[in-house]
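Colleague: The following block contains a protein sequence and its predicted model.
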Protein chains: 2
Amino acid sequence: MTTIRDVARLARVAPITVSRVLNNAGPVNMETRARVETAIAELHYVPNVLARSLRFKHTQTLALVLTDITNPFWTRVARGVEDTARRFGYSVILCNTDENEAIQLETVNLLLQKQADGILLVPRRNGAALVERIRRQQVPVVVLDRHIPGLPVDIVRGDSEGGAYALTRLLLELGHTRITLLSGPEDVPTAADRAAGFRRALVEAGCNTACPVLFGEYSYTSGKALALQALAAQPAPSALFAGNNLIATGALHAVRESGRDVPRDLSLVCFDDFPPELLVEPFFTTAAQPAYELGCQATHLLLERLSASSTGGPREIVLPVEIITRRSSGPYTG
Amino acid sequence: MTTIRDVARLARVAPITVSRVLNNAGPVNMETRARVETAIAELHYVPNVLARSLRFKHTQTLALVLTDITNPFWTRVARGVEDTARRFGYSVILCNTDENEAIQLETVNLLLQKQADGILLVPRRNGAALVERIRRQQVPVVVLDRHIPGLPVDIVRGDSEGGAYALTRLLLELGHTRITLLSGPEDVPTAADRAAGFRRALVEAGCNTACPVLFGEYSYTSGKALALQALAAQPAPSALFAGNNLIATGALHAVRESGRDVPRDLSLVCFDDFPPELLVEPFFTTAAQPAYELGCQATHLLLERLSASSTGGPREIVLPVEIITRRSSGPYTG
DNA sequence: TTGTAAGCGTTATCAC
DNA sequence: GTGATAACGCTTACAA
């Protein structure tokens, strides 16, 4: 490895002079600068950011801790984060936790050790402990997608309650009164919020009792299982509300495997849209969250916290959700 | 920030002793160890990996430089990489380059500065220069998905030529003789390889001349544009072969917007499958690459190169591609 | 305009 | 078993 010292030797200057050339900091004679630059090129010198970070006490690195990049929702969030980070000279370490609290803790510890300048976190139940831990190291955190009950912290998320409410209203207006919510984990705030919005709409309409909420995982397989469970009820639901996109496809496939079809026998709506370029045909009536925007805004907020200038109290940014009507929902036919 | 020195002070030992406890290296008295551990807990000490890496000369970090994580193909590759890396105690820095050579160079430079222990690269035209640059810094590289003409280097990729050949054969056997290939960029080896496989099958069947190859981008919008262009030809093709998954959906949507439909008026096959959990219904007849596996194997190879034990010449691992027949392809109807 | 010395937080080396 | 010292590659503060 060639170091700043090697360059200095070759250019017959002190290391600090090379440093000055490298960073365009401090005065350097045109001629010496040229000599240094020649030496740099000749030796193919690459500065060691580790050493620099050790001095500077910052790494120009942000961490994004999410559940599973395989979900297109998170993919787009991640792009939002990366694009924004990059624009401000930061790179991003991406970590999947698969909703596993042990992995989550381990991941956060690692990121702290790696001296990430800031962390974007999609927490599970242990969110509060995690945030405390991060904060104790003076590292700014922004919580993404989920709020942490009772803990004031910067948050950027979609309007789960409102979106679920609107989507449920849509089903009610189509005449459905037996709707089942196939939800994510009960202890994940988005799942709880969507359940709350669901119930609010139902209570307003006076058909709360006929509409169960089933909690599971935010996954394809869980969607299948939940749908089967919902379909087995007596009387069977006339509409299904999937808590996220993967639950939706899982549910759809289960419905079909049971010999029924959507929207013929059943309506099916869901949270989180699929981008058109992944689809043969737009199908699901959904509450679409601005995923990319979520990532951008969260990153902006985090960067703001980094530039110590920002010292206000915790902020919660709630992005609106768009209701899109498509083929998967139809009027109640009895 | 609390350092190893603070811990040492509190435990009334020398920093090096704390280090020994931390790394379970060297002998430490049971009682001293206990005292140190108490101090660590009390101060919420988090070791600084930067400093450690500076000494050790390795960062336990791999870099994955790909085109766009938004494509489910890359998403699954990335999961393969991350899962494997994690199993061996490495974390992954993910970078999107959007097929842009300038960004690619910039990214590689940054990763070198960050002292990534190894780099997984999905290169564009400037691949050879990039690889040379990385190698000059003694950093192992594995090229993913694409081979670099004339440059011996470790490569893990799918069998583009073979897959395209098989897929074209399938169309020919269905009776199609006017097939258009909607390809990626001509200078991207996968696109060239797929074109080669395509042509080989056609030449064998003796209908080479009636079957054009259109080069574009590996994107949804490019897929749309290419399809429109293909449909405008006289005589119009009876089948379209999309160079990747995004071109396929783009093409499909263009076909539909032009008043035609698949497979009614036209067959449409493609490279790269969508995972079922993203789909309302499996639709495309495809040549499916083992994306996750690609990521795993590439990472394994890279890790092997890292543990200096491996010193053999460049290896090329070509993973087979699976042909899956679905609704989007049908017999030629005249 | 250029250089010297010290230090960022660790750990390897060698001594006790 | 434990510790003093130097070093990893870089930059800040100060001096020349």
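Modeller: That came through fine. Model, not experiment: these values are computed from the prediction. Numbers count the residues shown, from 1 in each chain, chains lettered A, B, ... in the order given.

Colleague: Check the stretch 151-300 of chain A for the residue nearest DNA strand D and tell me.
Modeller: Distances between the stretch 151-300 of chain A and DNA strand D by Cβ to the nearest atom of the strand are smallest at residue A:299, namely 25.0 Å. Where you see a C-beta, it was placed from the backbone N, CA and C, and this is true even at glycine.

Colleague: That residue: neighbouring residues, count only.
Modeller: Applying other Cβ atoms under 10 Å in any protein chain shown, we find 29 residues neighbouring residue A:299.

Colleague: do the helix or strand containing it and chain B meet at all?
Modeller: Assigned by DSSP states H and E, residue A:299 falls within helix A:291-306. No. Helix A:291-306 lies apart from chain B when judged by Cβ under 8 Å from any Cβ of the partner chain; the minimum separation is 9.2 Å.

Colleague: What pLDDT is listed against the residue of the stretch 151-300 of chain A closest to DNA strand D?
Modeller: Looking at residue A:299, its pLDDT stands at 98.

Colleague: Return the residues of the stretch 51-200 of chain A in contact with DNA strand D.
Modeller: Counting by Cβ under 7 Å from any atom of the strand, the stretch 51-200 of chain A comes close to DNA strand D at A:51-52, A:54-56.

Colleague: most surrounded residue in the residues you listed?
Modeller: When neighbours are taken as other Cβ under 10 Å, the top entry among those is residue A:52 (18 neighbours).

Colleague: The residues of the stretch 51-200 of chain A next to DNA strand D in helices, which ones?
Modeller: Per DSSP state H, helices hold the following members of these: A:51-52, A:54-56.

Colleague: which of the residues you listed are close to chain B?
Modeller: Within these, those near chain B by Cβ under 8 Å from any Cβ are A:51, A:54.

Colleague: any chance of the ones in helices among the residues of the stretch 51-200 of chain A next to DNA strand D in JSON lines, with pLDDT and distance to residue B:25 too?
Modeller: Below are these laid out as JSON lines (pLDDT from 0 to 100; distance: Cβ to Cβ, whole Å):
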{"residue": "A:51", "pLDDT": "96", "distance to residue B:25": "23"}
{"residue": "A:52", "pLDDT": "96", "distance to residue B:25": "27"}
{"residue": "A:54", "pLDDT": "95", "distance to residue B:25": "22"}
{"residue": "A:55", "pLDDT": "94", "distance to residue B:25": "26"}
{"residue": "A:56", "pLDDT": "92", "distance to residue B:25": "29"}
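
Colleague: which of the ones in helices among the residues of the stretch 51-200 of chain A next to DNA strand D are close to DNA strand C?
Modeller: Filtering these for proximity to DNA strand C by Cβ under 7 Å from any atom of the strand leaves A:51, A:54-55.

Colleague: Establish whether stretch A:118-138 and chain B are in contact.
Modeller: Yes. Against chain B, stretch A:118-138 shows contacts by Cβ under 8 Å from any Cβ at A:136-138.

Colleague: what's the span of that stretch, first residue to last?
Modeller: One end of stretch A:118-138 to the other measures 9 Å (Cα to Cα, to the nearest Å).

Colleague: Report the buried residues of that stretch.
Modeller: For stretch A:118-138, burial by neighbour count (16 or more other Cβ atoms under 10 Å in any protein chain shown) applies to A:118-124, A:126-127, A:129-131, A:133-134, A:137.

Colleague: Same question for stretch A:106-121.
Modeller: Going by neighbour count (16+ other Cβ under 10 Å), the buried part of stretch A:106-121 is A:107-108, A:110-112, A:114-121.

Colleague: List the ones among these that fall in strands.
Modeller: A:118-121 (DSSP state E).

Colleague: Residue B:231: which of those is nearest?
Modeller: Residue B:231 lies nearest to residue A:120 out of these, by Cβ to Cβ, at 43.9 Å.

Colleague: For chain A, give me the ranges with low pLDDT.
Modeller: A:308-310 (pLDDT under 70).

Colleague: Turn the buried residues of stretch A:106-121 into TSV, columns for distance to residue B:287.
Modeller: Below are those laid out as TSV (distance: Cβ to Cβ, whole Å):
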residue	distance to residue B:287
A:107	36
A:108	40
A:110	38
A:111	38
A:112	44
A:114	39
A:115	44
A:116	40
A:117	43
A:118	42
A:119	40
A:120	36
A:121	39
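
Colleague: which secondary structure elements does whichever strand or helix holds residue A:86 contact?
Modeller: Per DSSP H and E: residue A:86 is located in helix A:72-87. Judged by 3 or more Cβ pairs under 8 Å, 6 or more residues apart in numbering or on different chains; DSSP states H and E, the packing partners of helix A:72-87 are strand A:61-66, strand A:91-96, helix A:291-306, helix B:72-87, strand B:91-96.

Colleague: Quick check: which of those has the most neighbours on average?
Modeller: Most buried of the helices and strands packed on helix A:72-87, by mean neighbour count (mean count of other Cβ atoms under 10 Å in any protein chain shown): strand A:61-66, with a mean of 26.

Colleague: Name every strand pairing with the helix or strand following the helix holding residue A:299 and say which way it goes.
Modeller: Elements were assigned by DSSP H and E; along the chain past helix A:291-306, the next helix or strand is strand A:316-319. With DSSP bridges as the test, strand A:316-319 is paired with strand A:155-158 (parallel).

Colleague: can you map out the helices along the stretch 101-250 of chain A?
Modeller: With DSSP state H, counting those that start in this stretch as the criterion, the stretch 101-250 of chain A has helices at A:101-113, A:127-136, A:160-173, A:189-205, A:220-231, A:245-257.

Colleague: Please name whichever of those helices is nearest to residue B:158.
Modeller: helix A:220-231 (24.0 Å).

Colleague: So which bits of that closest one are buried?
Modeller: For helix A:220-231, burial by neighbour count (16+ other Cβ under 10 Å) applies to A:220, A:222-227, A:230-231.

Colleague: same for chain B: which of the residues you listed are within range?
Modeller: Contacts with chain B within these, counted by Cβ under 8 Å from any Cβ: residue A:220.

Colleague: Take the buried residues of helix A:220-231 and write them to JSON lines, including distance to DNA strand D.
Modeller: Shown next, in JSON lines, are the buried residues of helix A:220-231 (distance: Cβ to the nearest atom of the strand, whole Å):
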{"residue": "A:220", "distance to DNA strand D": "47"}
{"residue": "A:222", "distance to DNA strand D": "48"}
{"residue": "A:223", "distance to DNA strand D": "51"}
{"residue": "A:224", "distance to DNA strand D": "53"}
{"residue": "A:225", "distance to DNA strand D": "53"}
{"residue": "A:226", "distance to DNA strand D": "54"}
{"residue": "A:227", "distance to DNA strand D": "57"}
{"residue": "A:230", "distance to DNA strand D": "60"}
{"residue": "A:231", "distance to DNA strand D": "63"}
